[in-house]
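In: Next comes the sequence, and after it the predicted model I'd like to discuss.
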Amino acid sequence: STMAKNNDALVAMNASGVNSKPGQNYVTGHTILDGKVYKTGRNINKGGGLIGFTKDNVLMLTKKSASEAVKDGMDRAVEFGPFLIVNGVESKFKGNGGWGIANRTAIGQRQDGIVLLVVIDGRSATSKGISIVGLKDIFVKYKAYNAANLDGGGSSAMYANGKLLNNPVGYGYKGERYLPNAWMIIPESTQVKEN
């Protein structure tokens, strides 16, 4: 919510993975911002790769390196996974996908350009969470052409219309986690500020 407020975001949700200590936020994987490799975190293997957008706001999913993705037109991206749908083809998972039931955050895009942002609460009496397969099925239902899982668990947070919409819960804590970045929908005239 702090990043969203600082950038006048209409909507915001968590993006890349994070190694966190109180008051610190170390990004996992690579991030791309303004068509340049922005940060390089520790190598991660979440069954995905880079998840990001071109300057024309087309969602790209790639297992290429960050520098190769930039050459292919990726303008802003984070690294995580697994990929749920790639170019209209559903990923195949065994059982519940091997990731259990938990809080989830994911992003997708339909072929008509509509971007789908999903945050599902978990670890609480009101919502146990969802499996990776269940998450993929949501994107299939809403006709996503590309979709990918992002960092979930205690990082899962959705902000819109000036307030936090869900109840982030991690292991041993409740409330928002200190995050390194977010996917935000901001007015076109707003300049993004680093946090």
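Out: On my side now, so go ahead. Residues are numbered from 1 along each chain as shown.

In: Any figure for the gap between residue 176 and residue 47?
Out: 26 Å (C-beta to C-beta, to the nearest Å). Heads up, the C-betas are built off the backbone N, CA and C, glycines and all.

In: Mean confidence (pLDDT) on stretch 33-47, please.
Out: Averaging pLDDT along stretch 33-47 gives 82.

In: Please compute how far that stretch lies from its chain's middle.
Out: In terms of C-alpha atoms, centre = their mean, to the nearest Å, the centre of stretch 33-47 is found 13 Å from the chain centre.

In: who's sitting farthest from the centroid in the chain?
Out: residue 125 (24.4 Å; C-alpha atoms, centre = their mean).

In: Would you map the helices across the protein?
Out: Assigned by DSSP state H, the chain shows helices spanning 2-6, 66-71, 132-141.

In: Quick one: distance of the longest one to the chain centre.
Out: Taking C-alpha atoms, centre = their mean, one finds helix 132-141 lying 15 Å from the centre of the chain it belongs to.

In: now the shortest one
Out: Shown here is helix 2-6, whose average C-alpha point lies 17 Å from the average C-alpha point of the whole chain (C-alpha atoms, centre = their mean).

In: Repeat that for stretch 116-135.
Out: So, by C-alpha atoms, centre = their mean, the centroid of stretch 116-135 is 14 Å from its chain's centroid.

In: deepest of the helices of the chain, which one?
Out: Most buried of these by mean neighbour count (mean count of other C-beta atoms under 10 Å) is helix 132-141; its value is a mean of 18.

In: Could you give the average pLDDT over it?
Out: Across helix 132-141, pLDDT averages out at 97.

In: try stretch 2-9
Out: Rounded mean pLDDT across stretch 2-9 is 93.

In: what do you get for stretch 110-120?
Out: 97.

In: swap in stretch 59-76?
Out: 96.

In: hmm, back to that, residues in contact with the residue farthest from the centre of the chain?
Out: Residues near residue 125 by C-beta atoms under 8 Å, 6 or more residues apart in numbering: none.

In: Would you mind measuring from it to residue 47?
Out: For residue 125 relative to residue 47 (C-beta to C-beta), the value is 30 Å.

In: closest to residue 185 out of the helices of the chain?
Out: Among the helices of the chain, the nearest to residue 185 by C-beta to C-beta is helix 2-6 (9.5 Å).

In: Summarise which helices and strands the closest one is packed against.
Out: strand 11-14, strand 182-185 (3 or more C-beta pairs under 8 Å, 6 or more residues apart in numbering; DSSP states H and E).
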